[in-house]
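> dropping the sequence and predicted coords here.
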Amino acid sequence: MSTDPLVLFTPSGKRGRFPVGTPVLTAARQLGVDLDSVCGGRGICSKCQVSPGYGTFSKHGITVAENALSPWNAVEQRYKDKRGMLDGRRLGCQATVQGDVVIDVPPESQVHKQVVRKRAEARQIVLDPSTKLYYVEVAEPDMHDPTGDMERLRDALQEQWGLEKVVADLHILHEMQPVLRKGQWKVTVAIHLGDQENPPRIMHIWPGYHEGHVYGLAVDLGSTTIAAHLCDLSTGEVLASSGVMNPQIRFGEDLMSRVSYSMMNPGGAAEMTRAVRAGMRALFAQICEEAGVDRQLVVDAVFVCNPVMHHLFLGIDPYELGQAPFALATNSALRLRADDVELNIHPSARVYVLPCIAGHVGADAAAVALSEAPEKSEDLVLVVDVGTNAEILLGNREKVLACSSPTGPAFEGAQISSGQRAAPGAIERVEIDPVTKVPRFRVIGCDLWSDEGGFAEATAATGITGICGSGIIEMVAEMRLNGIVDAAGLIGGPDQTGTDLCFADGRTFSYLVHDSTQSGGPRITVTNRDIREIQMAKAALYSGARLLMDKFGVDTVDRIVLAGAFGAHISPKHAMILGMIPDAPLDKVTSAGNAAGTGARIALLNTGARAEIEATVKAIHKVETAIEPRFQEHFVNASAMPNAVDPFPILKSIVTLPAVIFNTGGGDGGGRRRRRG
């Protein structure tokens, strides 16, 4: 018995067996590989270009023969003659599988070139979904009883399942009568069980006994990324997770930029609402197609988002959130219909939006509270959801405090000279040799360090493109640890640091990380302005946490949880060297991954959790950093690395930070002064 060829795609690592003759594009689609195509596989658009690999791939246990793909054909030759195509590239719609093969999808052929790191964390959740299936036997119509079919179906649901006052929308009436007769008066109905605002509602109807499934979406609507998890409501299984960049980014990187856009441009808020809803519809279509799920069977959706995203998604002008006292239109949980917010799922699908905590502390923070449950903790836990706008929770069984801190987009690579979002080719891990001051690094999409054999070959497809958020944190922390930057944030000159990698750059110095200009790549550096951006972001984060500690009356916390898609990739040691987070034992600093997304999934799969989080939010004490006098004091102190005042004794027991000062003002440092601002 023959075995179908094995097809492995990189950089995703997805693999599967396909019959000989299967187009590469078809294999990619069936595996959910991110391979673009606009023309539908007709060989016109060339978006599906791929790079097959030949030879032995010991890492994957595959040997690829030269004839692993079908021969180069006339369609490919015609395209190459007319528009050009790199040697070795093939069109995924034309090349067919003939044997075991490794296929690399280059960045330009990927639909979603961005690596969206939000994912569904593995978590035990008590399953209590909003929508369930019920099989019922309905009394047949009778000449002596004029009752309508809908009324007899409602009676059957009450008699056989105890479901009272069940309602149905018009689309159910359109299809109900033929279904009842096809099933010989035996049907299965999907019923949304309702809540304090809504009665039970028939969502779908099938003839006879139906063993199918209905689905729900848990959505984390962030200022930078929209992430969604498609869940089977009968099993709780996450069938697919995906994300897209929030299309509102073109109106502003951070939240206040978007509020300003709505203030300065008539109709600006409505424009941003249309953009984010369109992005969401595209994401939902993609994720349902990936899972092979009919969107009409997605009957429930839960949303978490920060206050500005909350208002813009709902079509509410965020004007009031841009000025004191930062009043929300509503901080209560919302129960809506999918068509209220123009979603392309079941027309009667219910939409639950978690409550906001305060004007700058949103439903995403509520979701983090639901996921991490600080109010149930015996020890004092600090939960930091790191993002463009950081949400911070501090609490235990005694009480829970919350605030937000405007960290800005620097932690995500924005406003950094060589910064970029997390994508293949971006530097994400860094180590600097304490003697030579030479950095070594790892990039997204490659497991090798830059000084290991095979690194150049492994990264040839992506190149070394820039530094992502986790990379810039490690980079600056390593520079501080190895005496390249001082506590005040000034990069030293070559005579001060002992390395020519520090070079004069205007009135200050910069540090050379990687130079690939000879091969057409970028020159990656860290400038003093980059250091300043990171200082501002980390100072805002630390100051928010320190302010909550003041309110709690403590100087230390028992443990720290880093949440958020970005928080999951932060090195606790490097974060502490920077002074991003308070001093604590490193084994007490853990990652919760995408806790907001996990909270959304809990609320989707367990309707009882919705009442729980609504009660919890009411009990959380909100602290507004904008009006707290000590916030600015903490911010100034936290600008130093790690801190100008707070001693960080645990950190000092782990690492020794060089006591260097580079702002010599004309002494042996070459007389270069720090440029402020």
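That came through fine.

> what about Arg281, neighbour count?
As a burial measure, Arg281 scores 15 neighbours (other CB atoms under 10 Å). For every residue, glycine as well, the C-beta is placed using N, CA and C.

> confirm it sits in a helix?
Yes - judged by DSSP: H, G, I helix; E, B strand; the rest coil, Arg281 forms part of a helix.

> surely it and Asn344 touch.
Yes - using CB atoms under 8 Å, Arg281 makes contact with Asn344 at a distance of 4.6 Å.

> need the three-state assignment for Gly13.
Secondary structure of Gly13, per three-state DSSP, is coil.

> and for Phe9?
Using three-state DSSP, the structure places Phe9 in strand.

> tell me the contacts of it?
Counting by CB atoms under 8 Å, 6 or more residues apart in numbering, Phe9 makes contact with 15, 28, 31, 33, 35, 102-105.

> of the residues you listed, which is the nearest to Met143?
Among the contacts of Phe9, Leu31 lies closest to Met143 (CB to CB), at 57.4 Å.

> what's around the closest one, how many residues?
Using other CB under 10 Å, Leu31 has 17 neighbouring residues.

> strands of the stretch 351-500 of the chain, start to end?
Along the stretch 351-500 of the chain, counting by DSSP state E, counting those that start in this stretch, strands occupy 381-385, 390-395, 400-405, 426-432, 439-443, 466-467.

> of the contacts of Phe9, which belong to strands?
Within these, residues falling in strands by DSSP state E are 15, 102-104.

> which one of those residues sits in the busiest neighbourhood?
Neighbour counts for the ones in strands among the contacts of Phe9, by other CB under 10 Å, peak at Ile103, which reaches 25 neighbours.

> closest to Tyr542 among the ones in strands among the contacts of Phe9?
Set against Tyr542, the nearest of these by CB to CB is Asp104 (41.5 Å).

> surely the closest one and Ser12 touch.
No - taking contacts as CB under 8 Å, Asp104 lies outside contact range of Ser12: 10.0 Å.

> overlap in contacts, the two.
Listed contacts common to Asp104 and Ser12 are nil; contacts here mean CB under 8 Å, 6+ apart.

> least confident of the contacts of Phe9?
Among the contacts of Phe9, Leu35 has the lowest pLDDT, at 81.

> please report how far the closest residue to that residue other than its chain neighbours lies from Gln98.
Leaving aside its sequence neighbours, Leu35 sits nearest to Ala28 (CB to CB, 6 or more residues apart in numbering; 4.0 Å). According to CB to CB, to the nearest Å, Ala28 stands 16 Å off from Gln98.

> looking at these two, which one has more neighbours?
Neighbours were counted for Ala28 and for Gln98 using other CB under 10 Å; Ala28 has more, 26 against 16.

> quick one: contacts for the more buried one?
Residues near Ala28 by CB under 8 Å, 6+ apart: 9, 34-35, 48, 92, 103, 105.

> show me the shaky parts of this protein.
Within the chain, the set of residues satisfying pLDDT under 70 comprises 1-2, 37-42, 44-45, 111-124, 253, 409-410, 412-414, 565-567, 664-677.

> now the strands for the stretch 501-650 of the chain?
In the stretch 501-650 of the chain, the strands defined using DSSP E, counting those that start in this stretch lie at 502-505, 508-515, 523-526, 559-563, 589-593, 621-622.
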